[in-house]
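Visitor: can't give you the sequence, but here's the structure:
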């Protein structure tokens with residue numbers, strides 16, 4: 001009995017030790033991989049990170065690699081064909097001398113080696129078409145990067161907007177909380193009525209609700225931005241507002257002069273060149289190929305050598321449908337390029353106009369904010385001194401809140417217009 005008990009005890013201790021080791025290593029792994037990474041990024045830095053790590057862009061980069069292999073495939077030459085045949089007359093011929101039926105004179109065998117010769121420059125046109133398609137893939141990736149820059153910039157600004165809203169409501173809540181504390185003392189001293197205290201408590205409670213909602217928006221906007229940056233669930237992004245999209249006039253003028261190099265216009269031109277190359281390829285495919293064959297046959301012990309040619313006669317199928325289709329696609333690409341030029345012109349003018357207007361609005365909103373803060377400080381001091389009513393204080397507080405919100409809106413509109421200028425002009429972040 002004692003031996004069994006000691007054995008069970010040792011087994012229990014061993015299991016306990018194994019369990020503790022599992023817990024230790026599980027905790028170590030959780031600490032190592034669950035802590036996550038926190039990145040502090042300006043708007044420009046966030047855009048640059050997304051161009052390298054965004055999953056959608058990484059997937060599209062494989063299309064460029066795939067198109068490179070299409071060029072290699074287009075350059076391949078056709079394989080030669082080897083044909084081997086053999087026949088035997090098992091019963092022998094009518095005039096055969098006596099003997100076994102499977103004699104050499106009753107056998108016939110041969111072989112032919114053929115090679116197709118492509119005419120009309122098919123291989124060259126095929127290579128050229130594949131190269132133009134590769135250029136389209138590269139242009140598509142650059143255009144996707146330009147669009148991603150716009151998406152990430154606006155996602156970063158969504159975080160900034162949520163953060164500014166949170167900071168505004170936190171300031172307003174702190175002001176009202178302080179007012180509630182003062183009014184509680186003043187009510188005990190019978191300086192104010194209970195109604196004034198109630199009004200300040202209701203206002204402070206409302207800002208508490210706004211703070212909670214703003215915190216939720218900050219968290220959701222941050223997760224959206226992290227996803228665009230290719231980060232994991234445990235990673236976090238914190239925005240850095242030191243660097244803004246305040247473009248100088250020299251940078252804008254230089255970009256306007258080179259707007260023809262914008263990625264979507266380059267993509268449209270690449271698509272036009274690809275359609276032209278496809279048209280030339282379809283025309284070359286209308287030319288019949290030639291099969292050259294070298295033949296050897298031995299029939300009844302008599303060898304034969306020969307050379308044969310096989311040429312298709314283009315009487316009915318001359319690839320008319322694909323040629324006409326390629327021509328239509330070329331015309332469509334020309335039309336698309338001209339239309340895209342118009343779209344780019346409108347986008348650039350609109351972006352520059354918005355940028356100038358929002359820049360001026362931001363400066364005016366800043367002046368209003370400074371004046372409203374001075375007014376609030378004066379009215380708050382007068383209210384706490386008993387020289388004005390709570391209605392005047394609440395009105396000044398609301399004016400300041402609206403001015404701060406207007407400035408935040410003007411700041412965000414300016415930053416978004418700066419992002420629009422960046423994308424419409426194809427500027428590097």
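Guide: Alright, I've got the coordinates. Model, not experiment: these values are computed from the prediction.
Visitor: Do you know the pLDDT at residue 8?
Guide: pLDDT, residue 8: 41.
Visitor: Report the secondary structure element holding residue 246.
Guide: Following DSSP states H and E, there is no helix or strand that holds residue 246.
Visitor: Can you pull out the low-pLDDT segments for the stretch 151-300 of the chain?
Guide: 234 (pLDDT under 70).
Visitor: In this protein, mark out all the helices, start to finish.
Guide: 2-34, 43-53, 55-74, 122-188, 194-228, 249-257, 263-285, 320-384, 390-425 (DSSP state H).
Visitor: closest to residue 242 out of the ones you listed?
Guide: Comparing those by their distance to residue 242 (CB to CB), the top pick is helix 43-53, with 10.1 Å. For every residue, glycine as well, the C-beta is placed using N, CA and C.
Visitor: I'd like to check the angle between the closest one and helix 194-228, please.
Guide: Put simply, helix 43-53 runs at 40 degrees to helix 194-228, going by axes from the mean of the first three to the mean of the last three CA atoms, to 10 degrees.
Visitor: picking that back up, among the helices of the chain, which comes closest to residue 240?
Guide: For residue 240, the closest of the helices of the chain is helix 43-53, at 7.5 Å, according to CB to CB.
Visitor: list the buried ones in the closest one?
Guide: For helix 43-53, burial by neighbour count (16 or more other CB atoms under 10 Å) applies to 43-51.
Visitor: which residues are in contact with that helix?
Guide: 39, 41, 57, 145, 148-149, 152-153, 155-157, 225, 228-231, 237, 239-240, 243-245, 415, 419, 429 (CB atoms under 8 Å, 6 or more residues apart in numbering).
Visitor: for the buried residues of helix 43-53, which one is nearest residue 271?
Guide: Lowest distance from residue 271 to the buried residues of helix 43-53 (CB to CB) belongs to residue 51, with 22.6 Å.
Visitor: Tell me the spacing between the closest one and residue 217.
Guide: Noted for residue 51: a distance of 26 Å to residue 217, by CB to CB, to the nearest Å.
Visitor: got it, and residue 420?
Guide: Residue 420 is 22 Å from residue 217, by CB to CB.
Visitor: Mind checking which of these two has more residues around it?
Guide: Shown here are residue 420 and residue 217; by other CB atoms under 10 Å, residue 420 has more neighbours (22 against 17).
Visitor: The more buried one: what's it in contact with?
Guide: Shown in contact with residue 420 (CB under 8 Å, 6+ apart): 150, 351, 354-355.
Visitor: Where neighbours are concerned, which of the residues you listed has the most?
Guide: Ranking those using other CB under 10 Å puts residue 355 first, with 24 neighbours.
Visitor: Neighbours of the residue lying closest to that one once chain neighbours are set aside, how many?
Guide: Nearest residue to residue 355, sequence neighbours excluded (CB to CB, 6 or more residues apart in numbering): residue 417, at 4.4 Å. By other CB under 10 Å, 24 other residues sit near residue 417.
Visitor: Pretty sure residue 417 sits against residue 354.
Guide: Yes: between residue 417 and residue 354 there is a contact under CB atoms under 8 Å: 4.3 Å.
Visitor: Please enumerate the shared neighbours of these two.
Guide: With CB under 8 Å, 6+ apart applied, the contact sets of residue 417 and residue 354 do not overlap.
Visitor: quick one: the nearest residue to residue 336 once chain neighbours are set aside from residue 142, how far?
Guide: Leaving aside its sequence neighbours, residue 336 sits nearest to residue 268 (CB to CB, 6+ apart; 5.7 Å). Separation of residue 268 from residue 142 (CB to CB) stands at 12 Å.
Visitor: related to what we said a few turns ago, give me the buried subset of the contacts of helix 43-53.
Guide: 39, 41, 57, 145, 148-149, 152-153, 155-157, 225, 228-231, 237, 239, 245, 415, 419, 429.
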